[in-house]
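>>> prediction below, plus the sequence it came from.
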Amino acid sequence: MIDVVSYLPAKRKQTPSGWINFNAPCCQDKRQRGGLKISENGWSYHCFNCQFTASFILGRTVGFKARKLLGLLNVPNREIDLLNLESIRHRSIEGILDERQQVVNALNDIKFEEKDDFPPHVELLTPEHTAHWKYICDRCVPEDYPIMVQMQNDGVHWTRDHVIIPFTYNDTLVGWCARMLSGSGPKYINHSQPGYVFGTDLQKYEWQHVLVMEGIFDALCIGGLALMHNTVSDAQARLIRSLGKEITVVPDHDAAGMELVDRAIELGWAVSMPAWPADIKDVNDAVIKIGKLATILTIFHARETNRLKIELRKKQLAKLVS
Ligand SMILES: [Zn+2]
């Protein structure tokens, strides 16, 4: 087992509560705001500058964020792979659940290629990238999701006008998308794989329900899934079903969203079209304007499984949005 502490910067200090503090490798930190805490069966890391978090528990696979941190600490890739193998040998209950999901995936033929093809000069978003940081905060993205920014070619000067959202599946990096902050061109550049659904890694094992939406920011702000368009491909439907949860589609309140409702009916999934104020057209708008809890409550209140009632509600809403 690698001794992660031996890879930390030499300049570090230990707090009475067990945190080891050092200059955070995830951002340009010079004030020892990176904290690592060793536990009985692993460790957790928190950056008090850029809010990046990562953790490792013996018995589970080494996730995307833990790999990222170990890489930043210059742990060789070979060491990380060995750690992963050794960890899986100590299967814990979480490890067994991970493994069960992998069997379900194999049976359903769900697999994505690991891809580390970020554009050049990409680094983690921090409060120092003022405009990008504000954009992400304003859209209610959880602080610990590793959003990236791309620096100009010299890697030092101002950042480019977009944020990059890593796509993971089972904590492995499988793609990304760039969201433009301004300009008249396309809003998104998508590097995704066929059948991919964003947000499976945001789901918690104990959650009974899963919410399916169109947009990535909808999924991020509420812990749901994003289809990234207004329909559900057969491969996406298989992946969503493989999670073994109660599925509810929450369409955008626009004409395209109404097409998603038809597909949800076809798949036999529940649909929720809450009676939000007219200026709210999707889940991200709702979280921004009425808060996360109220959004979740309105979604579950309006959840409908009866086909006729879904059609009726769709007709009402279609009139309002046309
Ligand atoms: Zn940091």
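Thanks, I have it.

>>> F48 contacts R33, correct?
Yes. If you go by C-beta atoms under 8 Å, F48 and R33 touch, sitting 4.2 Å apart. Any C-beta I mention is one placed from the backbone N, CA and C, and that applies to glycine too.

>>> now for the two: what residues contact both?
Contact criterion C-beta atoms under 8 Å, 6 or more residues apart in numbering; residues shared by F48 and R33: A24.

>>> for the ion, what are the nearby residues on the protein?
Counting by C-beta under 5 Å from the ion, the positions of the chain adjacent to the ion are 24, 26-27, 47, 49-50, 52.

>>> tabulate the residues you listed in JSON lines, adding columns for secondary structure and neighbour count.
Formatted as JSON lines, the residues of the chain next to the ion follow (DSSP: H, G, I helix; E, B strand; the rest coil; neighbours: other C-beta atoms under 10 Å):
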{"residue": "A24", "secondary structure": "coil", "neighbour count": "26"}
{"residue": "C26", "secondary structure": "coil", "neighbour count": "24"}
{"residue": "C27", "secondary structure": "coil", "neighbour count": "21"}
{"residue": "C47", "secondary structure": "strand", "neighbour count": "21"}
{"residue": "N49", "secondary structure": "coil", "neighbour count": "21"}
{"residue": "C50", "secondary structure": "coil", "neighbour count": "25"}
{"residue": "F52", "secondary structure": "coil", "neighbour count": "26"}
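
>>> pipe the residues you listed into JSON lines and attach pLDDT per row.
Shown next, in JSON lines, are the residues of the chain next to the ion (pLDDT from 0 to 100):
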{"residue": "A24", "pLDDT": "95"}
{"residue": "C26", "pLDDT": "92"}
{"residue": "C27", "pLDDT": "89"}
{"residue": "C47", "pLDDT": "90"}
{"residue": "N49", "pLDDT": "85"}
{"residue": "C50", "pLDDT": "86"}
{"residue": "F52", "pLDDT": "89"}
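
>>> any idea how far I310 is from T15?
54 Å (C-beta to C-beta, to the nearest Å).

>>> looking at those two, which is more packed in?
With other C-beta atoms under 10 Å as the criterion, T15 and I310 differ in neighbour count, and I310 comes out ahead with 21 against 10.

>>> wait, isn't G195 in contact with Q236?
Yes. Counting by C-beta under 8 Å, a contact exists between G195 and Q236, whose distance comes to 5.7 Å.

>>> residues near E311, how many?
As a burial measure, E311 scores 14 neighbours (other C-beta under 10 Å).

>>> I meant L83, not that one.
For L83, which is what you asked about, the neighbour count (other C-beta under 10 Å) is 21.

>>> re earlier: got TSV for the residues of the chain next to the ion, with distance to T126 too?
As requested, these are arranged in TSV below (distance: C-beta to C-beta, whole Å):
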residue	distance to T126
A24	9
C26	8
C27	4
C47	8
N49	6
C50	4
F52	8
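
>>> and the next helix or strand past the one helix or strand I189 maps to?
Using DSSP states H and E, I189 sits in strand 188-191. Moving toward the C-terminus from strand 188-191, the next helix or strand (DSSP H and E) is strand 209-213.

>>> which one is the closest residue to the ion within the stretch 101-250 of the chain nearest to, not counting chain neighbours?
Per C-beta to the ion, the residue of the stretch 101-250 of the chain with the smallest distance to the ion is T126, at 5.9 Å. Once flanking residues are discounted, T126 sits nearest to C50: 3.6 Å by C-beta to C-beta, 6 or more residues apart in numbering.

>>> do the same with P194
Nearest residue to P194 in three dimensions, chain neighbours excluded: A235, at 6.3 Å (C-beta to C-beta, 6+ apart).

>>> A helix includes that neighbour, no?
Yes. Residue state for A235 (DSSP: H, G, I helix; E, B strand; the rest coil) corresponds to a helix.

>>> pLDDT score assigned to it?
What the model reports as pLDDT for A235 is 94.
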